[in-house]
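Colleague: Mind looking at a prediction? Sequence and model below.
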Amino acid sequence: MGILTSTWRSDRDPDATRLQDILASFDCTQHVPLTPTHRGGGTLDLVVTKSEQTLTEMKVDPPDVISDHSLISWCCPLDLQPSTVLSREVRGWTKLDCDGFRAALLDSELCSAAHGLSTAEDHFELYHNVLMRLADRFAPIKRVTLRRQRLAVWMDDECRQLRRKSRLLERLYRRSGLIDDRKSCVEHERLRHQVYRRKERLYTGQCG
C-alpha cells in the first residue's frame, strides 16, 4: 500500500494528519518504521492492518535494491476459512432426448392395456418402476461436487434474495434473448450491487 506523504505522522502535514484520523477511525495500524522508503526520501510505502493483527519479521530494504522504492516484507498469521464442498446426485434433464423418452414410454408396459393390474398400489408400483427405469436410461444419475466460498459477514437474507433474483433474471434473458429481459437483468444487477456496497459500508463503519 503506497501513500504519497513524506511526513505521514507529522502534525505539520495536513495530509498525514488526515491519514492518521482515517486509520484511527477504522481501528487500523501502520507497521512500517519511520524510515525513507524512496530514493527521494519519505515513508511512501505503508503496511496497514487492523489493530489486532500481529505482524512479524518486518523488513524494509533500502531503496534502489530492486527499484527506487524499498522492498517491504513481513509475515502475518492468516485464518483462512476453507470453502464448503458439497456432493450431490443430479440428473441431466436439460439434455433429455424428449422424442426418445416419449417413444420408450409409449412402448412400455405402463401404456399397455394388457398389464393385468387391478389395485391402485399395483398401478403406482408399475408407474414408479417404469419411470425410474426410463430415467436411468435417458438421464442417468451423476455425482457432482460443488465448492461454495464462505459468504461475507454482512451478507444477509436480503442480499441472498437479491442474488437469487439475479440468477432468475439471467436465466430468463438467456432463454428469451429479449431486450426487455436484458434491461430488467441489468437494472436489477445495479440495484443488487448498490445494496451490497451499502451493507458493506454499514458493517465496516460499525466495526470501525
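Modeller: Received the coordinates, thanks.
Colleague: hey, which helix is longest across this protein?
Modeller: helix 179-207 (DSSP state H).
Colleague: Which positions in that helix come out as buried?
Modeller: Residues D181, R182, C185, H188, R192, Y196, K199 are the ones in helix 179-207 that count as buried (16 or more other C-beta atoms under 10 Å). For glycine as for every other residue, the C-beta is placed from the backbone atoms N, C-alpha and C.
Colleague: Tell me the one of these nearest T94?
Modeller: Closest approach between those and T94, by C-beta to C-beta: D181, at 19.4 Å.
Colleague: How about that closest one, nearest residue that isn't a chain neighbour?
Modeller: Counting by C-beta to C-beta, 6 or more residues apart in numbering, the nearest residue to D181 once its immediate chain neighbours are dropped is Y173, at 4.1 Å.
Colleague: The one helix or strand the one you found maps to - contacts with which helices or strands?
Modeller: Counting by DSSP states H and E, the element that carries Y173 is helix 157-176. Judged by 3 or more C-beta pairs under 8 Å, 6 or more residues apart in numbering; DSSP states H and E, the packing partners of helix 157-176 are helix 179-207.
Colleague: May I have the beta-bridge partners of I141?
Modeller: I141 has the following beta-bridge partners by DSSP bridges: R91.
Colleague: From F124, how far off is it?
Modeller: Using C-beta to C-beta, to the nearest Å, I141 is found at 22 Å from F124.
Colleague: Domain parsing of the chain, as residue ranges.
Modeller: Taking automatic domain parsing as the reference, the chain has its domains at 14-75, 84-147, 151-207.
Colleague: Mean pLDDT lowest where, among those?
Modeller: Among the domains of the chain, domain 14-75 has the lowest mean pLDDT, at a mean of 82.
Colleague: now the end-to-end length of that one.
Modeller: End-to-end distance for domain 14-75: 31 Å, by C-alpha to C-alpha, to the nearest Å.
Colleague: The chain: helices as residue ranges?
Modeller: Applying DSSP H to the chain gives helices spanning 14-25, 98-106, 120-138, 157-176, 179-207.
Colleague: contact partners of stretch 62-74?
Modeller: Here stretch 62-74 makes contact (C-beta atoms under 8 Å, 6 or more residues apart in numbering) with 2, 31-32, 36-40, 44-45, 47, 55-61.
Colleague: picking up where we left off before, mind giving me JSON lines with the buried residues of helix 179-207 and columns for distance to E89?
Modeller: Shown next, in JSON lines, are the buried residues of helix 179-207 (distance: C-beta to C-beta, whole Å):
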{"residue": "D181", "distance to E89": "32"}
{"residue": "R182", "distance to E89": "34"}
{"residue": "C185", "distance to E89": "31"}
{"residue": "H188", "distance to E89": "32"}
{"residue": "R192", "distance to E89": "31"}
{"residue": "Y196", "distance to E89": "33"}
{"residue": "K199", "distance to E89": "35"}
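Colleague: before we move on, back to that, does anything pack onto the longest helix of the chain? Which helices or strands?
Modeller: helix 157-176.
Colleague: on that earlier part again, can you select the buried ones from the contacts of stretch 62-74 in PyMOL?
Modeller: Buried residues within the contacts of stretch 62-74, by 16+ other C-beta under 10 Å, are selected in PyMOL with:
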select buried, resi 32+37+38+44+45+47+60
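Colleague: now, which of the contacts of stretch 62-74 lie within strands?
Modeller: Counted as lying in strands by DSSP state E, out of the contacts of stretch 62-74, are T56, E57, M58, K59, V60.
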